[in-house]
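Chemist: Fold the following.
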Amino acid sequence: MEHFYQGIHGWFNCKDLYERVVKEAKPFSIFVEVGAWKGHSAAFMAVEIVNSGKPISFFVVDTFKGSEEHQQETSIKDGTLYEEFCKNIEPIKDNIVVFQKKSTDAAKFFADSSIDFVYIDGSHAYEDVKDDIKAWLPKIKANGLLAGDDYSTWPGVAQAVNELLPTSTKEGIYWMYRNEIQP
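Modeler: Numbers count the residues shown, from 1 in each chain. Below is the predicted model of the structure:
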């Protein structure tokens, strides 16, 4: 399947990471993306999964109400962000399960140690990032990966990651934490 994410408005700084986790994924892996905006990175991930031929479940979590910095965007003001997201992911909609809710609420739907990869890119506010990490970290399988965006661009992200995951690694704008806790 041809990639079409380039035509979707959004920010996406971890193409290499998404390619790597799909390549390394075992059959029946579970991936979660927290923060969808208009579907730019979700479309990329879903196409990567389809092209891999692997049975990977992909969940996307967003309130579709926008972060604080996006409240002046037209799709937020007129309440059409979710519809825009759905339109943008139409070609791969059957490969994405959407949770239209707060990240911390969506995490409750997953058993502890059940997820292979979670990418956090929702709110950039310190408390929100901290809450997201606390909610999703227990859900990561042994040797699974918890990662996120905007480490070097949003001070609240860096502060939360440094406090809760001091051994995480940073690659450019994103951070990663490999769960080495064994079951």
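
Chemist: ok, the nearest residue to residue 14 once chain neighbours are set aside - how many residues close by?
Modeler: Distance criterion Cβ to Cβ, 6 or more residues apart in numbering; nearest residue to residue 14, sequence neighbours excluded, is residue 174 at 4.9 Å. Where C-beta positions appear, they are placed from N, C-alpha and C, glycine not excepted. By the criterion of other Cβ atoms under 10 Å, residue 174 has 22 neighbours.

Chemist: Who does residue 174 form a beta bridge with?
Modeler: residue 171 (DSSP bridges).

Chemist: which residues in this structure form strands?
Modeler: For the chain, the strands defined by DSSP state E cover 30-34, 57-62, 97-100, 115-120, 140-148, 169-171, 174-178.

Chemist: got JSON lines for the ones you listed, with distance to residue 6 too?
Modeler: JSON lines is the format used below for the strands of the chain (distance: least, Cβ to Cβ, whole Å):
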{"stretch": "strand 30-34", "distance to residue 6": "18"}
{"stretch": "strand 57-62", "distance to residue 6": "18"}
{"stretch": "strand 97-100", "distance to residue 6": "21"}
{"stretch": "strand 115-120", "distance to residue 6": "19"}
{"stretch": "strand 140-148", "distance to residue 6": "22"}
{"stretch": "strand 169-171", "distance to residue 6": "22"}
{"stretch": "strand 174-178", "distance to residue 6": "19"}
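
Chemist: Of those, flag the one that's most buried.
Modeler: strand 115-120 (a mean of 26; mean count of other Cβ atoms under 10 Å).

Chemist: the inter-axis angle of that strand versus strand 140-148?
Modeler: Here strand 115-120 runs at an angle of 20 degrees relative to strand 140-148 (axes from the mean of the first three to the mean of the last three Cα atoms, to 10 degrees).

Chemist: This completes my enquiry, with thanks.
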